[in-house]
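Peer 1: Turn this into a model:
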Amino acid sequence: MKSVGHHNISKVLLNLLCILLCVIIFAPLCWIILNSLKTNQELFKDSLAMPQIVQLGNYIKAWKLGLYRYFGNSVLVSAVSLVFILLFSSLLAYGLTRFRAKGSNIIFIIILGGMALSEQVALVPLYKILKAFKIYNTYFAVILPYIAFRIPFTVFLMRAFFISIPMELEEAAIMDGYNSLQIFTKIIVPISKPIFASCAIVNLNFVWNEFLFANVFLNNKALQTIPIGLMTFKGDLKIDYTTTLAGLVISSLPLIILFFCMSKQFVKGLTAGAVKG
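Peer 2: Predicted coordinates for the structure are as follows:
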């Protein structure tokens, strides 16, 4: 009886902790959404009160004042970066788990070493390299560093998942005449959708919100992404805080929608890699 009582108490405490965490996470988001629907006068009068009239015009105004351009730049940069991150990382992770070549463990250790490389430390060398190759202040100035810096962690996750895939599946495919590329594209990729979804969400969150590289490598306002655009956006709007908040909500929507659409795959991919890897 005591064990059952302790179990119930632990369950209640765990539920209370989860509720507390949800409140801590969602409270700022709810505050931003609430005040993005107000006028500036209502915001300064009482930021916790409900708006007298819902100001959906704040979202339209934010979009027309230039957010559409920053949003489009972020979509382009994120899409290109994400495709190549997943492509290169999956091929590299598959090669490390299936082709037992000499030095493969050393290669994997070197890749893991890339996870320890700080963005701030690499900033000056990257700036000089981009200048030398004449791609500074172009989309490639941020796309290439994003790909390079996200490959190590993505390979780490994918390798753990690929190890858990039974070799018998590939042996049967070899008997049917499949080569390595066909095995990867027709067998490995379809059954690895959870880890691809997990890596896509994690990497998109980084690329979409990345500030340092975008701030240093993109001086042209026409090329700037969401994080830099919102910073200048705030300056352009001066005291129009509610419209700025509306811009923050719009910029957060893609990640929120993507996570809710792929949440099951996301959790499944990370759990499988953590437990079986």
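
Peer 1: Low-confidence ranges, the stretch 1-150 of the chain, go.
Peer 2: Counting by pLDDT under 70, the stretch 1-150 of the chain has low-confidence residues at 1-7.

Peer 1: Taking the centroid of the protein, which residue is nearest it?
Peer 2: Nearest to the geometric centre of the chain sits residue 205, at 1.9 Å (CA atoms, centre = their mean).

Peer 1: In three-state terms, label that one for me.
Peer 2: Judged by DSSP: H, G, I helix; E, B strand; the rest coil, the three-state class of residue 205 is helix.

Peer 1: Contact partners for residue 145?
Peer 2: By CB atoms under 8 Å, 6 or more residues apart in numbering, the contact set of residue 145 is 119, 122, 126, 213, 217. Using the backbone N, CA and C atoms, a C-beta is placed for each residue, glycine as well.

Peer 1: What is the nearest of those to residue 82?
Peer 2: Residue 82 lies nearest to residue 213 out of the contacts of residue 145, by CB to CB, at 15.5 Å.

Peer 1: Could you identify the buried members of the contacts of residue 145?
Peer 2: The neighbour-count test (16 or more other CB atoms under 10 Å) applied to these identifies 126, 213, 217 as buried.

Peer 1: follow-up on the earlier one: for the residue nearest to the centre of the chain, which non-adjacent residue is closest in space?
Peer 2: Computed as CB to CB, 6 or more residues apart in numbering, the closest residue to residue 205 that is not its neighbour in sequence is residue 255, at 6.0 Å.

Peer 1: Now do the same for the helix or strand harbouring the one you found: mean pLDDT, whole number.
Peer 2: Using DSSP states H and E, the element containing residue 255 is helix 241-276. With pLDDT averaged residue by residue, helix 241-276 scores 74.

Peer 1: Then stretch 156-163?
Peer 2: Mean pLDDT, stretch 156-163: 89.

Peer 1: ok, back up a step: I figured the residue nearest to residue 205 hits residue 202, correct?
Peer 2: No: counting by CB atoms under 8 Å, residue 255 sits too far from residue 202 to count as a contact (10.9 Å).

Peer 1: Comparing the two, which shows the higher neighbour count?
Peer 2: For residue 255 versus residue 202, neighbours defined as other CB atoms under 10 Å are more numerous around residue 202 (18 against 15).

Peer 1: contacting residues for the nearest residue to residue 149 once chain neighbours are set aside?
Peer 2: If the residues on either side of it in the chain are set aside, residue 149 comes closest to residue 119, at 6.6 Å by CB to CB, 6+ apart. Residue 119 makes contacts with 145, 149, 212-213, as judged by CB under 8 Å, 6+ apart.

Peer 1: just curious, which of the residues you listed is nearest to residue 91?
Peer 2: Nearest to residue 91, judged by CB to CB, of the contacts of residue 119 is residue 149 at 17.8 Å.

Peer 1: so what's that closest one up against?
Peer 2: Neighbouring residues of residue 149 by CB under 8 Å, 6+ apart: 114, 117, 119.

Peer 1: could you measure the first one against residue 36, distance?
Peer 2: Counting by CB to CB, to the nearest Å, the gap from residue 114 to residue 36 is 39 Å.

Peer 1: thinking residue 165 is in contact with residue 190, fair?
Peer 2: No: Residue 165 is beyond contact range of residue 190, at 11.1 Å (criterion: CB under 8 Å).
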